[in-house]
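# Fold the stuff below for me.
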Amino acid sequence: MTRASVKMGGQAVAAGTSKTILLPVPDTSLRQGSVMPVHLFHGRREGPSLFVCAAIHGDELNGIEIIRRLTRLKRLKQLAGTLYAIPIVNVYGFLANTRYLPDRRDLNRFFPGKEGGSLASELASVFFENVVRRCGYGIDLHTASNHRKNLPHIRGDMADAEVLSMAEAFGAPLALDMAPMEGSLRAAAMESGIKVLLFEAGEALRFDEFSIRAGLRGITSVLESLGMLPAGKRSRKRVPLQIATDRAWCRAPASGLFRATARLGQHVRKGEVLGAIHDPFGSRSADLVAPKDGMIIGDQSLGAVYKGDAIMHIASFDAPRQAQASVDEYSEMVMDDRRAR
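Sure thing, here's the model as predicted:
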């Protein structure tokens, strides 16, 4: 029996085909018409529905490239179920090279949105009602905010068995078991029973090849684990997932110019000096000291800092040596992998 077609935006997509649907979103001030492109792949065989989205924050570029590469995979011809790939959710922020919407709102605080509300609410509603509600699963791609960089890691509700299974399948070495922020896509999806992973890697306004490969590798692995894609001819190696037990930001104790001595991905001890903050005239002001044992999973790149600025993000693990080994092994596997390209 032939699988039924799926309809979106007034168009039908037959089983075994794909189509790019242009969802209308509120106009810019030029009133020339704005759209959110959705790449819809409708498999011949029955299976789950999953969305992959990027650029909810308009300056986060890695996810856009991950989805570009995903939609060009020949393997998608073997897809079971339905895949929705949305490279740019916040089209306004993307055009302006900014994280936010034109009214300075953060789109990821307005889900599920509503018609007749603010621009953020309208845009969130278009995405949530037309894409997210159709799916049982989702992967939300992010980078760190401006002037910061994140080590590749997963965020999600690790107490949920299905989310944990997705996280393990994704293959990233580290995960943060985090409750979602109110109004975030993940929070709204959870309330609707949709299982969502958030992948963090890299920095805003920059393409990072390692993060891109890691994201594409992870998404295809999740599709395989859900039965949406057949397993590859070669078994894909995975590292043991390390779930953080705690995390904290290391904040600047003084204003000045910061020079780091610790690096992203490094394991540090409580009280260890991570760098020094000098005043602009050369005298030493203060050391940046680790508040706890853990691994640096995020840092900032600006030289000039103010007292209280979040400089390094440290996550703690029950098995710190295993976490370090997982990160190192994962780095080698991602750069050597050919299957996800």
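
# Please enumerate the helices of the protein.
62-71, 91-95, 119-130, 161-170, 185-191, 209-225, 320-336 (DSSP state H).

# and of the ones you listed, who's closest to residue 84?
Closest approach to residue 84 among the helices of the chain is made by helix 119-130 (9.0 Å; Cβ to Cβ). Every C-beta, even on glycine, is put in place using the N, C-alpha and C of the backbone.

# and that closest one, average pLDDT?
Averaging pLDDT along helix 119-130 gives 97.

# Correct me if wrong: residue 46 contacts residue 79.
No: Residue 46 is beyond contact range of residue 79, at 11.2 Å (criterion: Cβ atoms under 8 Å).

# ok, the two, which is more surrounded?
Using other Cβ atoms under 10 Å as the criterion, residue 46 and residue 79 rank with residue 79 on top: 21 against 13.

# Quick check: phi and psi on that one?
Per-residue torsions, residue 79: phi -60, psi 140 (degrees, to the nearest 10).

# residues contacting the closest residue to it other than its chain neighbours?
Closest residue to residue 79 apart from its sequence neighbours, by Cβ to Cβ, 6 or more residues apart in numbering: residue 43 at 3.8 Å. Residues counted as contacts of residue 43 (Cβ atoms under 8 Å, 6 or more residues apart in numbering) are 3, 15-16, 78-83, 228.

# now do 7 Å
15-16, 79-82 (Cβ atoms under 7 Å, 6 or more residues apart in numbering).

# Would you mind measuring from the residue lying closest to residue 205 once chain neighbours are set aside to residue 99?
Leaving aside its chain neighbours, residue 205 sits nearest to residue 59 (5.0 Å; criterion: Cβ to Cβ, 6+ apart). Applying Cβ to Cβ, to the nearest Å, the value for residue 59 to residue 99 is 5 Å.

# again, but for residue 92
For residue 92, the distance to residue 99 - Cβ to Cβ - is 11 Å.

# Show me the beta-bridge partners of the nearest residue to residue 174 once chain neighbours are set aside.
In space, and not counting its chain neighbours, residue 174 is closest to residue 153: 4.1 Å by Cβ to Cβ, 6+ apart. Bridge pairing for residue 153 (DSSP bridges) gives the partners residue 200.

# Wait, residue 153 touches residue 175, no?
Yes: here residue 153 reaches residue 175: they are 6.2 Å apart, a contact under Cβ atoms under 7 Å.

# contacting residues for the residue most central in space within the chain?
Nearest to the mean C-alpha position of the chain, counting by Cα atoms, centre = their mean, stands residue 141 at 2.5 Å. Counting by Cβ under 7 Å, 6+ apart, residue 141 touches 52-54, 62-63, 66, 199, 215.

# Just the buried ones from the contacts of residue 43, in PyMOL syntax?
Command for PyMOL, covering only those of the contacts of residue 43 found buried under the criterion 16 or more other Cβ atoms under 10 Å:
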select buried, resi 79+80+81+82
